[in-house]
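S.K.: sharing a model prediction with you, sequence too.
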Amino acid sequence: GLGTYGDAYQVYNFFLVFASFSIPTMMSKVMGERMAKKHFANAKKVFVLALLLVGGIGLFCMLIMWFGCDFIANRLYNNPDAALSIRFLGPTIFLVSIMSVFRGYFQSMNNMKPTAISEVVEGFLHAVLSVALAFAFFSLGLNWSVAGGIIGTGIGALGGLLFLLFCYQLYNRNSRLGRAQLVRATERSGEIYSEMFRLMIPIVLASTIFSLKGMIDASLFGKLMIAKGYDEEVVVALRGMYTGKFVVLINLPISIGDALGSASVPSVASSVALGRYDEVRERLHTVVKTVLMIAVPCSFGLTVLGKPILRLLFSSSYAGGELFWVGSFAVVFYCVNYVATGILQGLNKPQIPMRHAFIGVAITCVLNAFFVWVLDLGVYALPLNTLIFSGLLMVMNLRAATRECKTRLRLLSMIKTPFICGAIMAVSCVLLYIMLFAVSGSNAVSVLVSVILGAAIYFFLMVNLGGITEQDMETIPMGRFLQYLRLS
């Protein structure tokens, strides 16, 4: 089931690139620049044109997935069971594309609350309904059970969209942007679309390369493993272990880095529009330091508690925890990379991350074949490939961001304290888990208590060893509560 689920989601992620990935970033920059200059009618026109454009793209992608699902499942993955799930993910593409426009609308005003709450609503409905519908459809067969989980994803997207529409109506009543009249817009539609595409195309191409890499890696892995004599069902199961467990869990903390990077775009674009480049440099230093505080302990936590967490989430099939031993630090690399990418996009340099993504894919696709065919690493080739790919992107994009900002970033000094505190936290989590499991015999209790106490130990050490300063507490969400951890 996880193999089918993972294959369908890779197709979904590929089309999602065209329908939504670049939209919040594009809108936050294009609208943010106009709002910084108080051109509210032009900013509103950007929103309306984006809604028409993105809605059309989302509808087109939905139709391809709905009517082309059999071709995709059979020709690309040699897994006809994935066709039904791909078809039911099609409408979700359309819903998410519309939702991305509204998220970009609020992001352009540096208001991330509607986006954050809509993601919670979407995630909650997705988690609850996917499981419920998967069980409800199980009597119809495994394919329909997977499709039931897929339908839950679509309902979650609908819930998130409805919440954003509610926020949009509330905001429009009293805002200058909401009261702005489109007839007063001075920019022509063609000029705005031209600017949109100029920013969207490099971002879409870079994201497409990301998605293609995942599809190429999965397809290449399957074909090489079968050529080496592995059974097709075993290969699908191994691939599902990577896409359905490893990728899903590391994407949770990576989404924080992605959010921080996306949130940087409107503020950087506004600062550039007003000629305030010192603010851009300060933004780069602050966000990189913040994301390291979060990403480093998450990587350590997944490394040492990956197996128990999988046992908690997948009680009937929890194999795959060893994958985190290989690739969990991709979380750090991806998070820093997304921040650097957001800064470059805000500086109107989206072509740089696109070029680096192409280089990274070219190198790691060759390495993937080498790992599977020559070194015979099996499924461990996939997380190792992810680790190398994310590391290459981080180095290239961070160097480019510091160069464009004309600044130097002391990355080693920034990561030193989080790394030391994270390592101590990791050892503490292992000891806590062993002791708690010996006493309670419950994996769930042992994991949850170890995670909570491990986080408390990490932040206690960070506050008292100087990893988190008073200034940092003001920028971190709910950071003011960290002052209670200080010894003196």
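M.R.: Cool, got the structure.
S.K.: tell me which element residue 307 is part of?
M.R.: Residue 307 is part of helix 277-313, with elements assigned from DSSP states H and E.
S.K.: contacting residues around residue 126?
M.R.: For residue 126, the contacting residues are 152-153, 155-157, by CB atoms under 8 Å, 6 or more residues apart in numbering. In this view, the C-beta of every residue, glycine as well, is placed from N, C-alpha and C.
S.K.: ok, residue 394 next?
M.R.: Counting by CB under 8 Å, 6+ apart, residue 394 touches 332-334, 336-337, 340.
S.K.: ok, which pair from the residues you listed is furthest apart?
M.R.: Based on CB to CB, the longest span within these runs between 332 and 340 and measures 12.7 Å.
S.K.: before we move on, back to that, closest to residue 222 among the contacts of residue 126?
M.R.: Closest approach to residue 222 among the contacts of residue 126 (CB to CB): residue 153, at 23.6 Å.
S.K.: helices or strands next to the helix or strand containing that closest one in the packing?
M.R.: Using DSSP H and E, residue 153 sits within helix 142-174. Here helix 142-174 touches helix 2-16, helix 83-107, helix 113-136, going by 3 or more CB pairs under 8 Å, 6 or more residues apart in numbering; DSSP states H and E.
S.K.: for the longest one, the averaged confidence score.
M.R.: In other words, helix 83-107. For helix 83-107, mean pLDDT is 83.
S.K.: next, the buried residues of it.
M.R.: By neighbour count on 16 or more other CB atoms under 10 Å, the buried set for helix 83-107 is 83-107.
S.K.: angle of that helix against helix 113-136?
M.R.: 160 degrees (axes from the mean of the first three to the mean of the last three CA atoms, to 10 degrees).
S.K.: elements contacting helix 83-107?
M.R.: Under the contact criterion of 3+ CB pairs under 8 Å, 6+ apart, helix 83-107 touches helix 2-16, helix 23-36, helix 40-67, helix 69-77, helix 113-136, helix 142-174, helix 247-273.
S.K.: which one of these lies nearest to residue 469?
M.R.: Nearest to residue 469, of those and by CB to CB, is helix 247-273 at 18.1 Å.
S.K.: re earlier: out of the contacts of residue 126, who's the most crowded?
M.R.: residue 153 (26 neighbours; other CB atoms under 10 Å).
S.K.: pLDDT below threshold where in the stretch 301-450 of the chain?
M.R.: Applying pLDDT under 70 to the stretch 301-450 of the chain flags the ranges 316-317.
S.K.: hmm, back to that, of the contacts of residue 394, buried ones?
M.R.: Buried by 16+ other CB under 10 Å: 332-334, 336-337, 340, out of those.
S.K.: just the ones of those residues in helices?
M.R.: 332-334, 336-337, 340 (DSSP state H).
S.K.: any idea which of these is closest to residue 434?
M.R.: When those are compared for distance to residue 434 (CB to CB), residue 332 comes out closest, at 25.8 Å.
S.K.: distance check, the residue positioned nearest the centre of the chain against residue 459.
M.R.: Centroid-nearest residue in the chain, with CA atoms, centre = their mean: residue 255, separated by 3.8 Å. Noted for residue 255: a distance of 20 Å to residue 459, by CB to CB, to the nearest Å.
S.K.: low-confidence ranges, the stretch 1-150 of the chain, go.
M.R.: For the stretch 1-150 of the chain, applying pLDDT under 70 flags the ranges 1-7, 18-22, 25, 76-79, 127, 142-143.
S.K.: let's see it at 80
M.R.: By pLDDT under 80, the weakly predicted segments of the stretch 1-150 of the chain are 1-44, 69-86, 88, 107-113, 115-117, 119-120, 122-150.
S.K.: wait, residue 89 sits on residue 11?
M.R.: Yes - using CB atoms under 8 Å, residue 89 is in contact with residue 11, at 7.3 Å.
S.K.: chain center to stretch 137-150, what's the gap?
M.R.: In terms of CA atoms, centre = their mean, to the nearest Å, the gap separating the centre of stretch 137-150 from the centre of its chain is 26 Å.
S.K.: related to what we said a few turns ago, which residues are common contacts for residue 89 and residue 11?
M.R.: Common neighbours of residue 89 and residue 11 (criterion: CB under 8 Å, 6+ apart): residue 65.
S.K.: residue 420: how many residues sit nearby?
M.R.: By the criterion of other CB under 10 Å, residue 420 has 15 neighbours.
S.K.: now the nearest residue to it once chain neighbours are set aside: how far from residue 416?
M.R.: Nearest non-adjacent residue to residue 420, counting by CB to CB, 6 or more residues apart in numbering: residue 465, 7.4 Å away. Remark: distance between residue 465 and residue 416 (CB to CB) = 10 Å.
S.K.: now do residue 194
M.R.: 46 Å.
S.K.: which one's more surrounded, those two?
M.R.: Neighbour tally, residue 194 and residue 416, criterion other CB under 10 Å: the higher count belongs to residue 416, 14 against 10.
S.K.: give the buried residues for the helix or strand hosting that one.
M.R.: Using DSSP H and E, residue 416 sits in helix 411-440. By neighbour count on 16+ other CB under 10 Å, the buried set for helix 411-440 is 411, 414-415, 417-419, 421-422, 424-426, 428-430, 432-433, 436-437.
S.K.: which of the helices and strands packed on helix 83-107 sits most buried?
M.R.: Mean neighbour count, computed with mean count of other CB atoms under 10 Å, is highest for helix 23-36 among these, reaching a mean of 26.
S.K.: can you give me the angle that helix makes with helix 113-136?
M.R.: 160 degrees.
S.K.: same for helix 23-36, what does it pack against?
M.R.: So helix 23-36, by 3+ CB pairs under 8 Å, 6+ apart, packs with helix 40-67, helix 83-107, helix 189-227, helix 247-273, helix 330-346.
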